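Undergrad: give the three-dimensional model of this entry:
(one chain, ligands or ions: 3)
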Amino acid sequence: MNPIPANRQQELVARLLAACGGSYSPESRRKYFISGPQWAAAYEGQALFHAPTREAAGFEEVIRKYAEIGIPYWATHDTDVIPTASLGKEEQWAICERIAKALADNGLKCSMVTTESFHHAVFAASPAAESPEIRDYAAWRLKNTVKIGHELGAQFAVYWPGSLGYQVQGAIDETQTLRWYADGLNAACEMDIEVAKHRGRPTLKHCLEAKPFEPQAEILLPTSDAMLAFIHSGLLKHPEMVGLNPEYLHELMWGGAPRAALARALLAGKLWHFDINDGYRLKHDVDIAIGLVNPLDWLNVLVLLRSHGYNGPFNLDYKPPRTTSKWGVFTVSFPTAVDRFITLWEMAGDLISDPVIGEAVEALKAGGGAADALDVDAVVAANRELLTLHELIAHRIFQVLIGQHRGRTYAL
Ligand code: GLT
Ligand code: MN
Ligand code: MN
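TA: Numbers count the residues shown, from 1 in each chain. Ligands and ions are numbered 1, 2, ... in the order given. You can find the predicted model right below:
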């Protein structure tokens, strides 16, 4: 084997990527409400057991690269772009001006802003800690993010209460902590109403994002369902302003079915924003890019969303692997993630209009026509052969996944 010298490796990767084919043009990619987070592109590969493997990218570079790829929206935490010490100060607005210019120069829009309320030492005991000054600071941070969001033209604000929990039992009163957490959200919504009115803009959509574990051992709002209950608990002053940002992997992590979690959010009218990625059940938050682990499940998720007219953002909240170089982040990782999403989206369209599935579903809904619904044996007998269609539908979905419905064959 001949070693591949470092100066020839990009050329090799680029050639193999081109050999893969199947990439969409930036114009096609821009037709989707896809957002790229600052933190995903800037991720250096670090973690508790991991040293960084590549250099960070600033927002100007990330926005420029997203534009080249065809990712039309950008999202950020407050402290992804503004140092903690500069928040709320003049420097913050100077940075916002630079961001607005970078977005305008590259034809991108800011879709979402979120507050980092988990990394800084002040949030060691969560943003809803016992100490009133910590909670005052947290509420100020949320309100400040709302102002940044309006300044940048965002439509959404996301809240990930990942540090709202505990490592050791009995030290906090869960009910009180949740009340305090609601106070923070209420402050953000009230600030939003004020700023929106002043600027003549609609209020933001405030979206809660659940993750079942990590960084705390126990989390007070671990799932999207827990958050739906919280939204309707009576603690929020403006429950109509607060919805969900489910993340695909976070629902999978606790062992749930992402599609079912999304269905419950849809029924509640709260599916407003969606973090797209992939990973494994009952493991930590590996944030692998969409479709690399569960393409079949993803296909079914997109059938659900397409069938129910979901029109919110698809936020690329994944982490390019540590093995990918900084060049690879923008050349391989983001373009291929977007392209897999679009391919799965198109395949979901194929499934929705598939005649085999269409007829099978209609037949199942028609039922077998037992004359007496109270004659249990007759009901079973009338539906016996029809119910075999469940497995046939699953087979057809597999065929669509591998392209057999478009004539791909294996040694037939
Ligand atoms: C963090 C988390 C993500 C959230 C981000 C928004 S922060 O990376 O694991 O899933 O979407 O705060
Ligand atoms: Mn997320
Ligand atoms: Mn995640």
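Undergrad: drop to CA atoms for contacts and neighbour counts, all remaining ones
TA: OK.
Undergrad: what about the strands in this protein?
TA: All strands of the chain, identified by DSSP state E, fall at 34-37, 73-77, 109-114, 156-159, 165-166, 205-208, 218-219, 242-244, 274-275, 314-315.
Undergrad: let's have the ones you listed in a markdown table, adding distance to Met191.
TA: Output for the strands of the chain, formatted as a markdown table (distance: least, C-alpha to C-alpha, whole Å):
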| stretch | distance to Met191 |
| --- | --- |
| strand 34-37 | 24 |
| strand 73-77 | 18 |
| strand 109-114 | 15 |
| strand 156-159 | 12 |
| strand 165-166 | 26 |
| strand 205-208 | 12 |
| strand 218-219 | 27 |
| strand 242-244 | 14 |
| strand 274-275 | 24 |
| strand 314-315 | 25 |
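Undergrad: make a markdown table out of those strands and add distance to Arg384, mean pLDDT and mean neighbour count.
TA: Listed next are the strands of the chain as a markdown table, based on distance: least, C-alpha to C-alpha, whole Å; pLDDT from 0 to 100; neighbours: other C-alpha atoms under 10 Å:
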| stretch | distance to Arg384 | mean pLDDT | mean neighbour count |
| --- | --- | --- | --- |
| strand 34-37 | 44 | 99 | 26 |
| strand 73-77 | 50 | 99 | 24 |
| strand 109-114 | 50 | 99 | 25 |
| strand 156-159 | 47 | 99 | 24 |
| strand 165-166 | 49 | 97 | 22 |
| strand 205-208 | 43 | 99 | 25 |
| strand 218-219 | 45 | 98 | 20 |
| strand 242-244 | 40 | 99 | 26 |
| strand 274-275 | 38 | 99 | 22 |
| strand 314-315 | 40 | 99 | 22 |
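Undergrad: quick check: longest helix in this structure by residues?
TA: helix 174-199 (DSSP state H).
Undergrad: so what does that one touch, helix or strand wise?
TA: helix 132-152 (3 or more C-alpha pairs under 8 Å, 6 or more residues apart in numbering; DSSP states H and E).
Undergrad: next, the buried residues of the helix it packs on.
TA: Under the neighbour-count criterion of 16 or more other C-alpha atoms under 10 Å, helix 132-152 has 134-152 buried.
Undergrad: same question for stretch 289-306.
TA: 289-291, 295-296, 298-306.
Undergrad: related to what we said a few turns ago, and of the strands of the chain, who's closest to ligand 3?
TA: Closest to ligand 3 of the strands of the chain is strand 274-275 (C-alpha to the ion; 8.1 Å).
Undergrad: so how far is that closest one from its chain's centroid?
TA: 2 Å (C-alpha atoms, centre = their mean, to the nearest Å).
Undergrad: hmm, who's touching it?
TA: By C-alpha atoms under 8 Å, 6 or more residues apart in numbering, the surrounding residues in contact with strand 274-275 are Asn245, Pro246, Glu247, Tyr248, Gly312, Pro313, Phe314, Asn315, Leu316, Asp317.
Undergrad: which one of these sits closest to Ala188?
TA: Asn245 (16.6 Å; C-alpha to C-alpha).
Undergrad: so what pLDDT did that closest one get?
TA: Here the pLDDT value assigned to Asn245 is 99.
Undergrad: correct me if wrong: it contacts Val158.
TA: Yes. At 7.0 Å, Asn245 counts as touching Val158 under the criterion of C-alpha atoms under 8 Å.
Undergrad: hey, what's in contact with both of these two?
TA: Contacts common to Asn245 and Val158, judged by C-alpha under 8 Å, 6+ apart, are Cys207, Leu208, Glu209.
Undergrad: beta partners of the first one?
TA: Each beta-bridge partner of Cys207 is listed here, defined by DSSP bridges: Val158, Gly243.
Undergrad: isn't it up against Pro161?
TA: No. Cys207 lies out of contact with Pro161 (C-alpha under 8 Å); the separation is 11.1 Å.
Undergrad: chain center to stretch 101-121: distance?
TA: 15 Å.
Undergrad: what comes up buried for it?
TA: Quick answer for stretch 101-121 (16+ other C-alpha under 10 Å): 102-103, 106-118.
Undergrad: other residues contacting it?
TA: 35, 60, 63-64, 67, 71-79, 123-124, 126-127, 138, 141-142, 145-146, 148-149, 152-163.
Undergrad: so for Gly165, what's the nearest residue that isn't a sequence neighbour?
TA: Ile219 (4.2 Å; C-alpha to C-alpha, 6 or more residues apart in numbering).
Undergrad: ah, wrong one, I meant Tyr181
TA: Closest to Tyr181 by C-alpha to C-alpha, 6+ apart is Ala128, at 5.1 Å.
Undergrad: same check, this time on Lys326
TA: When the adjacent residues along the chain are set aside, Lys326 lies closest to Arg54, with 5.7 Å between them (C-alpha to C-alpha, 6+ apart).
Undergrad: residues from the stretch 251-400 of the chain in reach of ligand 3?
TA: Asp285, Asp287 (C-alpha under 5 Å from the ion).
Undergrad: can you map out the helices along the stretch 251-400 of the chain?
TA: For the stretch 251-400 of the chain, the helices defined by DSSP state H, counting those that start in this stretch cover 258-267, 295-307, 326-328, 334-352, 355-366, 376-383, 389-402.
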